[in-house]
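> Sequence isn't available, so here's the structure alone:
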């Protein structure tokens, strides 16, 4: 791989630019691939919250967990839940508890396989140690500027 600068110049590059550029590249690729199979990234998150939950989650719990992801917001997450219900992927009972339908399970499994392929693509040539270090460094940057970030 060819890098943008030599090592001496890289240490002077702005983290804000490179973290933004990484975000743009990864999110654009992920959203494009999910769109090809007929879903959005927030719909994927919603399905994951329901499909992978140890116990059934309510609409409110899913919204509270996901609303801060990429600053999507509670209203948008609620709309994505509605879309997942309309597509027959989820059900919602009278108490707001969400459930995965058989059609939703099939679609979730398909999207999960795609996400696995994307993970492999993103991590090509990057060791677990390099990845762990990268996340620790990014979290330190966030901490150093008084930011807050947390992922489930």
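Nice, thanks for sending it over. All figures in this text were calculated on a predicted structure; none of them were measured in a lab. Numbers count the residues shown, from 1 in each chain.

> tally of neighbours for residue 64?
A count of neighbours around residue 64, defined by other Cβ atoms under 10 Å, yields 13. No exception for glycine: its C-beta is placed from N, CA and C like everyone else's.

> In space, what's closest to it - neighbours in sequence excluded?
With sequence-adjacent residues excluded and distances taken as Cβ to Cβ, 6 or more residues apart in numbering, residue 64 is closest to residue 74, at 8.0 Å.

> gap between the one you found and residue 41?
Separation of residue 74 from residue 41 (Cβ to Cβ, to the nearest Å) stands at 16 Å.

> the more surrounded of these two?
Set residue 74 next to residue 41 and count neighbours by other Cβ under 10 Å: residue 41 wins out with 19 against 13.

> lowest-pLDDT helix or strand in this structure?
helix 7-10 (a mean of 91; mean pLDDT, DSSP states H and E).

> which residues are in contact with that helix?
Residues from elsewhere that reach helix 7-10, judged by Cβ atoms under 8 Å, 6 or more residues apart in numbering: 3, 4.

> tell me the SS of residue 23?
helix (DSSP: H, G, I helix; E, B strand; the rest coil).

> pLDDT score for it?
On pLDDT, residue 23 comes in at 94.

> try the one 5 residues further on
Reading off the per-residue confidence, residue 28 sits at a pLDDT of 97.

> Report all helices and strands that whatever helix or strand it lives in contacts.
According to DSSP states H and E, residue 28 maps onto helix 15-36. Packing partners of helix 15-36 (3 or more Cβ pairs under 8 Å, 6 or more residues apart in numbering; DSSP states H and E): helix 41-51, helix 102-122, helix 128-144.

> what mean pLDDT does the last one have?
The one in question is helix 128-144. Rounded mean pLDDT across helix 128-144 is 96.

> Against which helices or strands is that helix packed?
helix 15-36.

> Taking helix 102-122 as reference, get the angle to the helix it packs on.
140 degrees (axes from the mean of the first three to the mean of the last three Cα atoms, to 10 degrees).

> Go ahead and name everything in contact with helix 15-36.
Here helix 15-36 makes contact (Cβ under 8 Å, 6+ apart) with 40-41, 43-44, 70, 111, 114-115, 118, 121-122, 138, 141.
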